[in-house]
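A.B. asks: Need coordinates for the following:
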Amino acid sequence: MDFQHEAPVDEIKRLRRCLNDLVSVLALPAMWSGREPAQIIDRLLDSLLGMLQLDLVYVRVNNPAIEVARVAPSQDRMPRPEQLCQAIKQWCGPDPQKWPPLLRTSLGDRDISMVPSRIGLHAEIGVIVAGTARADFPIQTELLLLSVAANEAGIALQGARLLSEQKRVASELDRRVAQRTSELAQANEALHLQAALLQKVPVAAWTVNPDGTPAFVNQSWLEYTGQTLEFVQSSPEAWMTGIHPEDREEAARRFWDGIHTGQGFTMEVRFRRLHDGEYRWHLNRAVPLRDEEGKVLRFVGTCTDIEDVKRSQENWKRAQEELRNTQAELAHMTRVMTMGELTASIAHEINQPLSGIITNASTCLRMLAADPPNVDGARETARRTIRDGNRASDVITRLRALFSKKDASTESVDLNEATREVIALSSSKLQKNKVILGLELADDLPFVTGDRVQLQQVILNLLVNAFDAMSTVDGRPRKLLIKTEQDEGDRVRLTMKDTGVGFDPETAGRLFDAFYTTKDDGMGVGLSVSRSIIESHHGRLWAAQNDGPGATFAFSVPRGPTAATSADSIRAMQNPQWTEGA
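C.D. replies: Numbering: from 1, shown residues only. Here you go, the predicted model:
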């Protein structure tokens with residue numbers, strides 16, 4: 001009978017205690033008011049430990065990032081708080097949404113029951129973990145208290161974060177207001193200082209409002225142009241009356257483009273000087289002054305006399321033109337000198353088709369004089385006569401191109417074909433000097449863009465140098481290898497390797513200097529001119545010693561923009577119809 005009376009009494013006590021704890025939890029927001037997130041969490045930990053008689057409690061907040069664990073004072077054998085934080089994350093995993101509603105685990109020599117409660121609907125604010133060794137934990141009222149505490153903590157943490165953000169925004173607003181006030185005061189002072197400084201600069205200077213109306217011109221402007229400040233400010237284009245009539249339209253266009261776009265402007269115009277009425281070239285520049293938001297406050301400009309500079313430039317130009325003419329004359333002279341060395345080869349090239357023409361003509365006459373006349377044979381002999389005549393004409397055409405002084409012309413050049421033509425002109429000298437020629441011309445060599453005659457001159461210069469380098473060689477073959485190939489970086493390379501006497505390594509750096517030569521009768525201009533030609537084609541010319549006897553000279557130039565190759569050129573010559581249908 002007594003037992004039946006004690007149970008309701010215990011239940012009533014428990015409910016009263018639960019109500020008291022609930023009231024305490026609901027009173028927490030009053031203590032949290034105006035507190036920082038760390039202070040809110042600290043009070044929450046103490047309250048939960050006492051109210052629920054817990055052995056440990058853990059709280060993690062996402063923003064700001066806070067992670068705290070606390071144990072009851074009586075639990076002196078519990079791990080340290082930082083160890084406890086790490087252990088809870090290992091047990092439960094990184095995502096609070098996936099944590100089990102109840103976790104039982106061993107901690108030291110005790111079995112602990114732990115219950116997580118989300119702060120926020122999806123734990124977006126954080127999580128609370130309460131743990132104790134009591135076997136009946138958690139009962140329903142304890143779950144209710146944990147849930148209410150988590151909700152109240154979430155509201156308090158959000159309020160603290162909003163309050164912190166409000167304080168930050170208010171502080172930032174106060175800072176910006178103070179900064180803007182200071183900037184306006186400084187800008188006003190700067191305008192006065194700017195006018196004072198512009199008066200002292202040694203060139204004409206001025207300022208213009210954002211709408212293009214002049215605001216200020218310094219004394220240098222007034223003295224140079226003879227205009228007054230009142231006249232300048234009378235209209236946006238009044239100051240332009242000092243510009244040469246031929247320059248005014250362009251000046252007005254550039255001025256208003258710079259004003260309307262807010263970018264300012266740079267232009268060269270002729271201004272009339274007051275004291276002698278001379279129009280002199282001036283460089284006019286205007287830059288915008290902007291506020292913090294990028295709005296144009298005004299334009300500041302200068303007007304600098306560049307007449308002497310312009311005249312000097314016209315002179316850096318005449319001198320360059322004279323230099324180009326001199327280089328062209330020098331290049332022509334080297335072609336003539338080089339071709340002079342190949343006179344015997346040229347005569348041989350012309351004599352061969354001329355001899356064929358004479359022989360074929362005599363044969364043709366005999367065939368026509370026969371009884372009966374051999375018309376078919378005479379016709380074939382006439383065709384051979386025409387062929388030999390064309391051969392002689394081609395030789396003369398090539399010579400005329402190499403001897404000509406015409407301006408450089410840009411075209412697609414088949415470097416293989418250009419090389420073959422130079423070799424054809426030099427065949428007699430190859431035979432005379434007993435040179436064994438090896439050709440390794442790439443089949444699909446891309447065309448290059450440049451001047452055909454100039455590139456052939458380089459090849460010819462390198463060929464003649466190779467002849468000279470091997471002219472005194474005895475006891476070993478005089479071999480010359482000419483090779484073309486595709487080079488890295490969309491370039492084409494030509495290499496010429498001889499077995500001559502080579503060059504002194506100590507003088508290698510001077511090989512391409514003008515008027516430097518190792519020949520007794522040389523002028524030292526061939527390699528210098530060749531380098532200038534290759535560099536004008538955006539290429540590179542260099543030399544290297546061979547592992548064995550002799551030296552290697554090579555140049556590399558960019559390939560042309562088209563996809564044509566030397567193989568295409570060969571097919572076109574072999575089949576004219578292929579070219580027409582291509």
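A.B. asks: alpha carbons only for contacts and neighbour counts from here, please
C.D. replies: Noted.
A.B. asks: Got phi/psi on the residue lying closest to A238 once chain neighbours are set aside?
C.D. replies: Nearest non-adjacent residue to A238, counting by CA to CA, 6 or more residues apart in numbering: V232, 5.4 Å away. Main-chain dihedrals, V232, degrees, to the nearest 10: phi -60, psi -40.
A.B. asks: How about A204?
C.D. replies: According to degrees, to the nearest 10, A204 has phi -70, psi 130.
A.B. asks: Can you point out the helix or strand that includes G438?
C.D. replies: strand 435-441 (DSSP states H and E).
A.B. asks: let me redo that: V422
C.D. replies: helix 415-425.
A.B. asks: Tell me the helix or strand right after that helix.
C.D. replies: helix 427-432.
A.B. asks: Report the buried residues of that following helix.
C.D. replies: 427-430 (16 or more other CA atoms under 10 Å).
A.B. asks: Looking at those residues, which is nearest D444?
C.D. replies: S427 (25.0 Å; CA to CA).
A.B. asks: before we move on, the earlier item: which secondary structure elements does the helix holding V422 sit against?
C.D. replies: helix 343-369, helix 452-470, helix 566-574 (3 or more CA pairs under 8 Å, 6 or more residues apart in numbering; DSSP states H and E).
A.B. asks: ranking the ones you listed by mean pLDDT, which is last?
C.D. replies: Lowest mean pLDDT of the helices and strands packed on helix 415-425: helix 566-574, a mean of 49.
A.B. asks: For R273, give me its contacts.
C.D. replies: 224-225, 279-280 (CA atoms under 8 Å, 6 or more residues apart in numbering).
A.B. asks: Could you tell me which of the residues you listed belong to helices?
C.D. replies: Among these, the ones falling in helices (DSSP state H) are 224-225.
A.B. asks: Now do the end-to-end distance for stretch 115-124.
C.D. replies: With CA to CA, to the nearest Å applied, stretch 115-124 spans 18 Å between its terminal residues.
A.B. asks: what number of residues lie near S532?
C.D. replies: 18 (other CA atoms under 10 Å).
A.B. asks: Now do the SS call for the residue positioned nearest the centre of the chain.
C.D. replies: The centre of the chain sits closest to G489, judged by CA atoms, centre = their mean, with a distance of 17.2 Å. Secondary structure for G489, judged by DSSP: H, G, I helix; E, B strand; the rest coil, is coil.
A.B. asks: Find me the pLDDT at it, would you?
C.D. replies: 83.
A.B. asks: Now do it against R559, distance only.
C.D. replies: Taking CA to CA, one finds G489 at 9 Å from R559.
A.B. asks: follow-up on the earlier one: what about the helix holding V422, average pLDDT?
C.D. replies: Confidence for helix 415-425, expressed as mean pLDDT, is 86.
A.B. asks: Go ahead and produce PDB holding the CA coordinates of it.
C.D. replies: Provided in PDB are the C-alpha atoms of helix 415-425 (Å, rounded to 0.1, in the frame of the first residue of the first chain):
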ATOM      1  CA  LEU A 415      62.900  26.300-101.400                       C
ATOM      2  CA  ASN A 416      63.700  23.000-103.100                       C
ATOM      3  CA  GLU A 417      63.100  24.400-106.600                       C
ATOM      4  CA  ALA A 418      65.100  27.600-105.700                       C
ATOM      5  CA  THR A 419      68.000  25.400-104.600                       C
ATOM      6  CA  ARG A 420      67.900  23.300-107.800                       C
ATOM      7  CA  GLU A 421      68.100  26.500-109.900                       C
ATOM      8  CA  VAL A 422      71.100  27.800-108.000                       C
ATOM      9  CA  ILE A 423      72.800  24.300-108.400                       C
ATOM     10  CA  ALA A 424      72.100  24.400-112.100                       C
ATOM     11  CA  LEU A 425      73.900  27.700-112.500                       C
END
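A.B. asks: chain center to it: distance?
C.D. replies: Distance of helix 415-425 from its chain centroid, counting by CA atoms, centre = their mean, to the nearest Å, is 40 Å.
A.B. asks: now the angle between helix 452-470 and it, please.
C.D. replies: Between helix 415-425 and helix 452-470, the angle comes out at 50 degrees (axes from the mean of the first three to the mean of the last three CA atoms, to 10 degrees).
A.B. asks: For helix 415-425, buried residues please.
C.D. replies: For helix 415-425, by 16+ other CA under 10 Å, it's 415-416, 418-419, 421-423, 425.
A.B. asks: now it and strand 435-441, what's the angle there?
C.D. replies: For helix 415-425 against strand 435-441, the angle by the same axes, to 10 degrees is 160 degrees.
A.B. asks: Quick check: can you list the domain ranges of the chain?
C.D. replies: 11-165, 202-305, 342-405, 409-581 (automatic domain parsing).
A.B. asks: In JSON lines: those domains, plus distance to S312.
C.D. replies: Formatted as JSON lines, these follow (distance: least, CA to CA, whole Å):
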{"stretch": "domain 11-165", "distance to S312": "65"}
{"stretch": "domain 202-305", "distance to S312": "13"}
{"stretch": "domain 342-405", "distance to S312": "30"}
{"stretch": "domain 409-581", "distance to S312": "25"}
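A.B. asks: looking at those, which is closest to W316?
C.D. replies: domain 202-305 (17.5 Å).
A.B. asks: Without its sequence neighbours, what residue ends up closest to G126?
C.D. replies: Using CA to CA, 6+ apart, the closest residue to G126 is V61 (4.3 Å).
A.B. asks: and that neighbour, how far is that from P37?
C.D. replies: On the measure of CA to CA, V61 and P37 end up 9 Å apart.
A.B. asks: Quick one: the helices in the stretch 1-150 of the chain, in order.
C.D. replies: Ranges of helices in the stretch 1-150 of the chain, per DSSP state H, counting those that start in this stretch, are 2-32, 37-51, 81-92, 140-200.
A.B. asks: Which residue ranges of the stretch 451-582 of the chain form strands?
C.D. replies: For the stretch 451-582 of the chain, applying DSSP state E, counting those that start in this stretch gives strands covering 478-487, 491-498, 540-545, 551-558.
A.B. asks: mean pLDDT for the ones you listed: which is lowest?
C.D. replies: Looking at these, the weakest mean confidence is strand 540-545, a mean of 88.
A.B. asks: neighbours of Q39, just the number please.
C.D. replies: Close neighbours of Q39, defined as other CA under 10 Å, add up to 12.
A.B. asks: Nearest spatial neighbour of it, chain-adjacent residues omitted?
C.D. replies: In space, and not counting its chain neighbours, Q39 is closest to W32: 7.7 Å by CA to CA, 6+ apart.
A.B. asks: which residues sit in contact with that neighbour?
C.D. replies: 39-40, 43, 156.
A.B. asks: so how far is F137 from L107?
C.D. replies: Counting by CA to CA, the gap from L107 to F137 is 16 Å.
A.B. asks: Neighbour count for those two, which is higher?
C.D. replies: F137 (19 against 15).
A.B. asks: quick one: contacts for the closest residue to that one other than its chain neighbours?
C.D. replies: Among residues not flanking F137 along the chain, S113 sits closest, at 6.8 Å (CA to CA, 6+ apart). Counting by CA under 8 Å, 6+ apart, S113 touches 102-105, 131-135, 137.
A.B. asks: Buried ones only from the residues you listed, please, as a ChimeraX command.
C.D. replies: This is the ChimeraX syntax for the buried subset of the contacts of S113, where burial follows 16+ other CA under 10 Å:
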select :131,132,133,137
